[in-house]
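K.L.:
Sharing a sequence plus its predicted fold:
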Amino acid sequence: MPTPDEKKDQPTGGWDSGNDRERQPSSWCEAVFAALGLLLVVGTVGFLIYRGITSGTRPPAIRIERRAITPQQNGYVLEVDIRNDGDRTAAALTLEGELELPDGEKETSDVSLDYVPSNSHRRAGLFFEHDPAKHPVKLRAKGYQEP
């Protein structure tokens, strides 16, 4: 049977196997990556708090700009850039292009975009029978929904 002094020197089991070694200091590489991880987390949380406090509530501000005109088999496609400079998203955005013919008649084309986030842009196309390069075209946003 072991004496009390011999029992003291035996491992006790559990997580600590009885080694009394001191923890070795971390390497400089481990410290650098720990600091970078902390900066990343603090920076992300700080950015989210900043955006939550400073984000405005302006409704969608839609701008439509002409891009290109492409001849098609049955007419023309007028490609447009749609920009939302507002603070809120425009869902189910409807755009209209109205081409004015020399005889006073008007040709219209509509397009709907599912989703135009704040401070972003999308591209779309409007189909016309007559050449938009030869006739004035009015472009306008007709409406949107809150997502």
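P.N.:
Arrived safely. As the structure is a prediction and not an experimental result, all values here were calculated from the model. Numbering: from 1, shown residues only.

K.L.:
tell me which strands and helices the stretch of helix or strand T108 belongs to is in contact with?
P.N.:
Using DSSP states H and E, the element containing T108 is strand 106-116. Using 3 or more C-beta pairs under 8 Å, 6 or more residues apart in numbering; DSSP states H and E, the elements in contact with strand 106-116 are strand 75-84, strand 90-100, strand 120-128. For glycine as for every other residue, the C-beta is placed from the backbone atoms N, C-alpha and C.

K.L.:
Put together a markdown table for the ones you listed, with mean pLDDT on each row.
P.N.:
What follows is the helices and strands packed on strand 106-116, written out as a markdown table (pLDDT from 0 to 100):
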| stretch | mean pLDDT |
| --- | --- |
| strand 75-84 | 96 |
| strand 90-100 | 95 |
| strand 120-128 | 96 |
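
K.L.:
So which of the ones you listed is nearest L39?
P.N.:
strand 120-128 (28.3 Å; C-beta to C-beta).

K.L.:
domains for this structure, by residue range?
P.N.:
28-56, 62-145 (automatic domain parsing).

K.L.:
looking at those domains, which one has the lowest mean pLDDT?
P.N.:
Lowest mean pLDDT of the domains of the chain: domain 28-56, a mean of 87.

K.L.:
Of the helices and strands packed on strand 106-116, give the one that comes closest to V45.
P.N.:
If we rank those by C-beta to C-beta, the stretch that ends up nearest is strand 120-128, at 24.3 Å.

K.L.:
angle of the strand holding T108 against strand 120-128?
P.N.:
150 degrees (axes from the mean of the first three to the mean of the last three C-alpha atoms, to 10 degrees).

K.L.:
before we move on, the earlier item: and V42, which of the helices and strands packed on strand 106-116 is closest to it?
P.N.:
Across the helices and strands packed on strand 106-116, closest to V42 is strand 120-128 (C-beta to C-beta), at 27.6 Å.
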